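Engineer: Need coordinates for the below:
(4 chains)
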Protein chains: 4
Amino acid sequence: MLIVMNHNATSDEIDAVKAQIVECGFEARPIPGEQRVAIGIVGNDGPVDAAPFQDLPGVAQVIHVASPYKQVSREWHPQDTIIRLPNGSRIGGGHVTIMAGPCAVESREQLLETAERVAKAGATVLRGGAFKPRSSPYSFQGLVEEGLKILAEAREKYGLAIITEAIDHESLELVEAYADIIQLGARNMQNFALLKRAGRSNKPVMLKRGPSATIKEWLLAAEYILAEGNSQVMLCERGIRSYDDATRNTMDITAIPLVKRLSHLPVVADPSHGTGRRPLIAPMSRAALAAGADGLIIEVHRNPDKAKSDGGQTLFPEQFEELMTGARLIAEAVGARLQSFQEA
Amino acid sequence: MLIVMNHNATSDEIDAVKAQIVECGFEARPIPGEQRVAIGIVGNDGPVDAAPFQDLPGVAQVIHVASPYKQVSREWHPQDTIIRLPNGSRIGGGHVTIMAGPCAVESREQLLETAERVAKAGATVLRGGAFKPRSSPYSFQGLVEEGLKILAEAREKYGLAIITEAIDHESLELVEAYADIIQLGARNMQNFALLKRAGRSNKPVMLKRGPSATIKEWLLAAEYILAEGNSQVMLCERGIRSYDDATRNTMDITAIPLVKRLSHLPVVADPSHGTGRRPLIAPMSRAALAAGADGLIIEVHRNPDKAKSDGGQTLFPEQFEELMTGARLIAEAVGARLQSFQEA
Amino acid sequence: MLIVMNHNATSDEIDAVKAQIVECGFEARPIPGEQRVAIGIVGNDGPVDAAPFQDLPGVAQVIHVASPYKQVSREWHPQDTIIRLPNGSRIGGGHVTIMAGPCAVESREQLLETAERVAKAGATVLRGGAFKPRSSPYSFQGLVEEGLKILAEAREKYGLAIITEAIDHESLELVEAYADIIQLGARNMQNFALLKRAGRSNKPVMLKRGPSATIKEWLLAAEYILAEGNSQVMLCERGIRSYDDATRNTMDITAIPLVKRLSHLPVVADPSHGTGRRPLIAPMSRAALAAGADGLIIEVHRNPDKAKSDGGQTLFPEQFEELMTGARLIAEAVGARLQSFQEA
Amino acid sequence: MLIVMNHNATSDEIDAVKAQIVECGFEARPIPGEQRVAIGIVGNDGPVDAAPFQDLPGVAQVIHVASPYKQVSREWHPQDTIIRLPNGSRIGGGHVTIMAGPCAVESREQLLETAERVAKAGATVLRGGAFKPRSSPYSFQGLVEEGLKILAEAREKYGLAIITEAIDHESLELVEAYADIIQLGARNMQNFALLKRAGRSNKPVMLKRGPSATIKEWLLAAEYILAEGNSQVMLCERGIRSYDDATRNTMDITAIPLVKRLSHLPVVADPSHGTGRRPLIAPMSRAALAAGADGLIIEVHRNPDKAKSDGGQTLFPEQFEELMTGARLIAEAVGARLQSFQEA
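Structural biologist: Numbers count the residues shown, from 1 in each chain, chains lettered A, B, ... in the order given. Model prediction:
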């Protein structure tokens, strides 16, 4: 439930509403706005009765939030959330950001060369895993902090913002210190302890959809982050698991316009993991943007055939340049602003 | 296997190759081309040895077709198949055709009014079911031949080509007589007797993907039609079944670029059944075209809220007009030619 | 809706109820019982008002059937349906019948030898496809009528009842003439024309679940058969499609107790197609019986490694004998009666 | 790869093999046996060449382990792993243990009363969540340490061993201190940091299958635990996600015999989460045991209709007693030993 105050409500009136919420056994979440303050009620397991609130002085309106997620819903926050990165690139509200880079940071040379190529082609964010969650304990697990340092160097050199994955509390502290966006991976979508920790960070978070997560579970997972106070969250569709192995995953493009109706959070698409196949990445990038995606995250490597992981779904730099050309045309066709260093 | 003849091969040489194929226990499928003749071999359950053919006089090249489907594969027929409708609209090879109309023909007035609206908005093909395959034996099953007559009248009045579904041998004979495209539905994708019958028709066929069909099964189902001699086949992605009920089906947009790589047949998308939800149809239409679809089939009704079936996924005529505006922009952005009556 | 008459209701009273049903625009389906007559109402697309019926003379009770399927529901027919085969073997109501034989009839010798082995091991029904629905048009399609004749010969020799698949109207007429049970395959579960034709047969029908059919769709498909007058229907769980390719399909064993709660029809299990892997067939046969299955259908071949289809999921005769030993122990543990020739 | 030493190999010979393994860049895992020592090689990402090892003195045999999981595979460890609990109950190798109790510990009275009932009915392990991973941040999250203390009290009173879930490092330390089996839930199946931590525990671990995990991913997740040194791991099938919402999940009973072929680890079944529906729990318990499960974990509450979570899939104590009767009959039919306090 959301209690919207009159635009001239006094701070005493606001405090009285908050006190009443606490008295009823819930938590109060004030949401300051330009015109008026709203106070959200969370902590309830079922519906909340409006009666104790609707006639309090200064209350303009009581809005029932029907969905199980509250702060991520459009009812709670009708305007698009826009995430602003330190390099000026924006995500959401009609701003489209392209993130690109290798699956994993493998070496300084590999990363810097790839970073230069994706920056020139128009990406404003660099991806690259330093902590790799791998199905097998015996697979390459990443360069850890050394990888983060290389990413930070690339940021200095090419002006790219940095996104990289955290897989537990320890790695999250490091990622938070080095990167501009904390990525939480599909396998950790319901790692609630990690979600809560990310909710206490002051860095934006990209939350990937679990391979069999429903839209509702995905938004509830995001709610864990917002419930701890971090509202800089973007969602990433990266394909779901289906019966057909013709592609690595089944990209649920429909999730993009659907989530954007249900939530104010930006939604980006990962056609590299979504398809798992190089020739399908460019057309699926166009499809995602045509459906309203606020960004793309693309695996690019200076030499995909030598990549330590995910080579088959990683583009050559020239293929990424072509992809950018197509992405620009589609972004224009749907009236979106593709972010660039000029803009940034 | 495909045997490509020299461009100056004599008809005696061609006949000798055909005779050799029959002698080996297979069937010969001559494929005349502008420059040279090719002869396909079908009827084999496993790989065919090239030896008996490669040194015959007039043989230029023997091409092994690795996929289990033969005549639908790009290896067999590298150029895009283009389907030309009687009203001039084309599907495939960069030509995009929009098909629209109600789920079912319910009455003369309903159909004609809807037909007029979709024609004005730019559709060149009218859809409308006269034979409805319904999950329950007690649901409305369509107007049958009366429905076909109404569709034919709409064609006369508005110049639209007609697509409508056949569900068994009897209805196929009628659909063949009245319509311009025979639609085979998702539930019948592996009704092999019906596929074979459609393969003996001289009308183009639209084959919908079964709700849990793999790409391979879908292409093999199309192969049943081509194997009987009808090569005017287009495929229709209409959503697959997944675990999330947030949408009616999960649109597998990736199937569009993937099938277009594997096959020369046109691929169209059905975002009405694919999503089941009105507000998602326009964005998913854009996504499908951005991914390379050769057409769309959209449910439109003069009054969706009174539709006898599928109302929740059916657009109002004004919504369809908006969809067309978006579709035109995306088609331009990917360099495709949206078919119109001017062109037709 | 189901109208239950008093046990001393007169035939005039019954006729009056039927007339009232027709007047309301529905169809009447009298269901004679030992104690009293009930009259079902079908042909309605939504709920039916009880008012016009409940006060008619002779009416004891009006039962609303909530499910979309009517005649297949337990509400409509609370007692288990028991199917009695000509050789005395029964299916349903605590009677468990084992059906076994090759995927396809390949030759007289192959079938007769396999039939002798499965009969000796305790099967009372022989399976074997004469019409094979195959994903590829170029695969072996069965011996057709010749196969049916061989099956009939095996019945004469070994006393087994015969089950074999029909794939279209033509093959159904032949199967009906030669076999004891008409099998409708998974791909044809929603081939409504074929379901209706089977509903006009006087032979029992085994309806396999489609690979992505919901329980509701499956029961509605069975309703098509009952709605045409044939109530000798059994359902067959044969695995559904999931994301894991460790097995050919995912056997939905839970469907067995669930369907038996919702419906009075017998349910049998097909662990051969359900698992696709020889070593899993015996344990999954035990699981199905422990969950309450009324029968099993098992692929057995005198030499599975030479089978023309499905070899990898086909048992050697000795493996089938072992399976029977385990099946007997489980049937006893759940209080079911495994049918045998002694009983038959 | 696994290097099996001669039964009279000297410790010098064993050390030389270990040194050679390290020299090749891998890790050595000695596996002492009654007859002979084996040394496993882990840490390799691909196949290992046998050449440097096969001719070393004392080496009897070099066994290639084809699967990506090593220590969990049957090739590595052919005998069934048997887990022995402090109260004497055993799991695996033909010993079947029944675990039962409420979804969550809600209060001392609720837990003790339920514990008494399940102990009397024949369970030897008590379940009950103190840390609840919930989809929504606003749902009941468990009594935490207070809940563990109540569980420990129940163990004292009724002799039951305790299983309860850990959801992060903090809760794992507590669970380890109080409980007899550490449960890792489906959502954490690929929380690799948590798996590694559990691998350093000296308590047995029950690893639930993720809702869309393949068999291979599940076994690789278990490998993370064994790779850290804890070989007391049992796997729990609790249903996978499919397209049909007739049940909460789709129980993949086939996974039971399949995993038991691939691995030596015990496999238990959770028909409460697997079905989500009270009347299906008993038949699916029988099915799981008939398929070879080494145990069951069942939700039982003194009053399910008042349970704070999962009420609809929780049995009344009397229903659990009936389930035990059926379970005993099936266990006998497959030759398994249902554990009881007599045995314990």
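
Engineer: Next, count neighbours for residue A:7.
Structural biologist: Neighbourhood size, residue A:7 [other C-beta atoms under 10 Å in any protein chain shown]: 12. Using the backbone N, CA and C atoms, a C-beta is placed for each residue, glycine as well.

Engineer: Could you pull up the residues touching it?
Structural biologist: Residue A:7 sits next to A:35-36, A:60 when contact means C-beta atoms under 8 Å, 6 or more residues apart in numbering or on different chains.

Engineer: Let me see the ranges of the strands in the stretch 151-300 of chain A.
Structural biologist: Taking DSSP state E, counting those that start in this stretch as the test, the strands found in the stretch 151-300 of chain A are A:161-165, A:181-184, A:205-208, A:233-237, A:267-269, A:295-299.

Engineer: got CSV for the ones you listed, with mean neighbour count and mean pLDDT too?
Structural biologist: Shown next, in CSV, are the strands of the stretch 151-300 of chain A (neighbours: other C-beta atoms under 10 Å in any protein chain shown; pLDDT from 0 to 100):
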stretch, mean neighbour count, mean pLDDT
strand A:161-165, 25, 98
strand A:181-184, 25, 98
strand A:205-208, 26, 98
strand A:233-237, 26, 98
strand A:267-269, 27, 98
strand A:295-299, 28, 98
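
Engineer: These: which one's closest to residue D:246?
Structural biologist: Nearest of those to residue D:246, taken as C-beta to C-beta: strand A:233-237 at 27.4 Å.

Engineer: how far off strand A:161-165 does the closest one point, in degrees?
Structural biologist: Here the directions of strand A:233-237 and strand A:161-165 differ by 60 degrees (axes from the mean of the first three to the mean of the last three C-alpha atoms, to 10 degrees).

Engineer: from the contacts of residue A:7, which is closest to residue A:160?
Structural biologist: residue A:35 (36.7 Å).

Engineer: for chain A, where's the lowest mean pLDDT among helices and strands?
Structural biologist: strand A:27-31 (a mean of 83; mean pLDDT, DSSP states H and E).

Engineer: Which of the residues in that one are classified as buried?
Structural biologist: Using 16 or more other C-beta atoms under 10 Å in any protein chain shown as the test for burial, strand A:27-31 gives A:28-29, A:31.

Engineer: I'd like the next helix or strand past it.
Structural biologist: strand A:38-42 (DSSP states H and E).

Engineer: got the contact list for that following strand?
Structural biologist: Contacts of strand A:38-42 (C-beta under 8 Å, 6+ apart): A:1-5, A:14, A:17-18, A:21, A:26-31, A:48, A:70-71, A:76, A:227, D:137-138.

Engineer: now do 6 Å
Structural biologist: Under the contact criterion C-beta atoms under 6 Å, 6 or more residues apart in numbering or on different chains, strand A:38-42 has outside partners A:1-4, A:17, A:21, A:26-31, A:48, A:70, D:138.

Engineer: Show me what the longest helix seen in chain A is packed up against.
Structural biologist: Longest helix in chain A by number of residues (criterion: DSSP state H): helix A:317-333. Under the contact definition 3 or more C-beta pairs under 6 Å, 6 or more residues apart in numbering or on different chains; DSSP states H and E, helix A:317-333 sits against helix A:108-121, helix A:278-290, helix B:317-333.

Engineer: Okay, now the sheet partners of the following helix or strand past it, with direction.
Structural biologist: Toward the C-terminal end, the helix or strand that comes next after helix A:317-333 (DSSP H and E) is strand A:337-338. Strand pairing for strand A:337-338, using DSSP bridges, gives strand A:95-101 (parallel).

Engineer: how much does the strand it pairs with deviate in direction from helix A:317-333?
Structural biologist: Angle, strand A:95-101 to helix A:317-333, by the same axes, to 10 degrees: 170 degrees.
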